[in-house]
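*Asks:* Take this sequence and fold it.
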Amino acid sequence: MTKLDKGVPADLQVHLILDNYATHKTPDGKKWLLAHPRFHLHFTPTSASWLNLVERGRC
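*Replies:* Here you go, the predicted structure:
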């Protein structure tokens, strides 16, 4: 995320689409997001298993 923060112009909002794995919701990650309010996380529905296949490029 720090690499994205440095690579994306500061005047732009960053929207990330993620699955619901717990690794995306750690205390350190939440703390980082609070310090970087231009980042917005959007989680896929837990019942959307086909999206996991698209994410891996297997469709």
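*Asks:* ranges for the helices of the protein?
*Replies:* Here the chain has its helices, by DSSP state H, at 2-7, 27-35, 49-56.
*Asks:* These: lowest mean pLDDT?
*Replies:* Ranked on mean pLDDT, the bottom entry among the helices of the chain is helix 49-56, at a mean of 61.
*Asks:* Next, the contact list for Leu41, please.
*Replies:* Leu16, Leu18, His24, Leu33 (Cβ atoms under 8 Å, 6 or more residues apart in numbering). Where C-beta positions appear, they are placed from N, C-alpha and C, glycine not excepted.
*Asks:* repeat that with 7 Å
*Replies:* Leu16, Leu18 (Cβ atoms under 7 Å, 6 or more residues apart in numbering).
*Asks:* And it, how close does it get to Thr23?
*Replies:* Relative to Thr23, Leu41 is positioned 12 Å away (Cβ to Cβ, to the nearest Å).
*Asks:* Can you report how many residues neighbour the residue nearest to Thr46 when sequence neighbours are not counted?
*Replies:* Of all residues not flanking Thr46 in the chain, Asn20 sits nearest, at 5.2 Å (Cβ to Cβ, 6 or more residues apart in numbering). Look at Asn20: counted by other Cβ atoms under 10 Å, it has 12 neighbours.
*Asks:* Please consider this matter closed, and thank you.
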